[in-house]
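K.L.:
The following block contains a protein sequence and its predicted model.
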Amino acid sequence: MKACTLYTNRDEIKLSLKSALHIFNSIGPFRSWRRYEHSIRVGLYAASIGRGLKLIEKQVIQLQIAGIFHDIGFIGINDTILEKETPLSQDEILSIKKHPYTAIKILDYMKLSDYIIKGVLQHHECYNGKGYPSGLKGDQISLQGRILFLAEVFDAMTNNAPYRKAEPIDSVIDFIKRMKGSIFDPAIVDVTLGLEEFSSIYSYKDSIPEHPIYKNIIQDLNR
């Protein structure tokens, strides 16, 4: 009986990921292919960190779903702001900072788990309490929020954006080390920087569909 329950739960988790990818693939590329690819990579990075922290499979998959949808709140922000190449005004910054709240309204409507919703809501909270939207600090931030924050920052810094060029990987790693215990959870930094899988995802950042992990996920979901 227990084996049946475990199988059913795993089946349900896989279905959740499959549904998430289907929904995101249906709406994500229409606004911005760049932000679409960013979200897919953040999902893979977050799941990789989760595996590095020895989280259970359900949490790892939910981390990937949260990464996929972490910026879905941008749907409520005009592209003239999101694609702006010059510094944002104070009002535009405030508009950007509302996107986690917009995201959780959408995800709640989709009936996604509280674990996913909390991670998305908190993916811009900093370990030192200087993040947004709530200014949470340390363990006040959920583990999934802390993981997503590092995954999000790493991918943002290593890829081009309208307002800046991608930074060299050595500079990004140096920044993460310097911010360990400040904006980043030190335990998550230590695990992440030692993950070969995380580095492997980075090496495929411009061709994620070709990465063995991504291919295996798609193949597994289509069985």
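P.N.:
Received it, and whenever you're ready, just let me know what you need.
K.L.:
Name all residues that make contact with the nearest residue to residue 176 once chain neighbours are set aside.
P.N.:
The shortest distance from residue 176 to any residue other than its chain neighbours is 5.9 Å, reached at residue 189 (CB to CB, 6 or more residues apart in numbering). (C-beta placed from N, C-alpha, C; glycine too.) Contact partners of residue 189, counting by CB atoms under 8 Å, 6 or more residues apart in numbering, are 150, 176-177, 180.
K.L.:
Quick one, which of those are buried?
P.N.:
Burial by neighbour count, judged by 16 or more other CB atoms under 10 Å, picks out 150, 176, 180 from the contacts of residue 189.
K.L.:
Compute the distance between the most centrally placed residue in the chain and residue 130, please.
P.N.:
Closest residue to the average C-alpha location of the chain: residue 67 at 2.8 Å, with CA atoms, centre = their mean. Computed as CB to CB, to the nearest Å, the residue 67 to residue 130 distance reads 22 Å.
K.L.:
right, and the pair among the contacts of residue 189 with maximum separation?
P.N.:
Taking every pair in the contacts of residue 189 and measuring CB to CB, the maximum separation is 12.0 Å, between 150 and 177.
K.L.:
Keep only those of the contacts of residue 189 that are in helices.
P.N.:
Of the contacts of residue 189, the ones assigned to helices by DSSP state H are 150, 176-177.
K.L.:
okay, the residues you listed in a markdown table with pLDDT and distance to residue 59 next?
P.N.:
Supplementary listing: the ones in helices among the contacts of residue 189 in a markdown table, determined by pLDDT from 0 to 100; distance: CB to CB, whole Å:
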| residue | pLDDT | distance to residue 59 |
| --- | --- | --- |
| 150 | 98 | 16 |
| 176 | 98 | 22 |
| 177 | 98 | 26 |
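K.L.:
between those, which is nearest residue 100?
P.N.:
When the ones in helices among the contacts of residue 189 are ranked by distance to residue 100 (CB to CB), residue 150 comes first, at 16.2 Å.
K.L.:
hang on, isn't that closest one packed against residue 193?
P.N.:
No: applying CB atoms under 8 Å as the test, residue 150 and residue 193 come out as separate, 10.0 Å apart.
K.L.:
who touches both of the two?
P.N.:
residue 176.
K.L.:
Report the contact partners of residue 101.
P.N.:
Counting by CB under 8 Å, 6+ apart, residue 101 makes contact with 73, 121, 133.
K.L.:
then the helix or strand where it lies to CSV, C-alphas only?
P.N.:
According to DSSP states H and E, residue 101 maps onto helix 99-109. Taking only C-alpha atoms (Å, rounded to 0.1, in the frame of the first residue of the first chain), the coordinates of helix 99-109 have been written out as CSV:
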residue,chain,number,x,y,z
HIS,A,99,5.6,41.7,-9.5
PRO,A,100,5.9,39.1,-6.8
TYR,A,101,2.4,40.0,-5.6
THR,A,102,1.0,39.8,-9.1
ALA,A,103,2.7,36.4,-9.5
ILE,A,104,1.2,34.8,-6.4
LYS,A,105,-2.3,36.0,-7.5
ILE,A,106,-1.8,34.1,-10.7
LEU,A,107,-0.3,31.0,-9.1
ASP,A,108,-3.0,30.9,-6.5
TYR,A,109,-5.6,30.9,-9.2
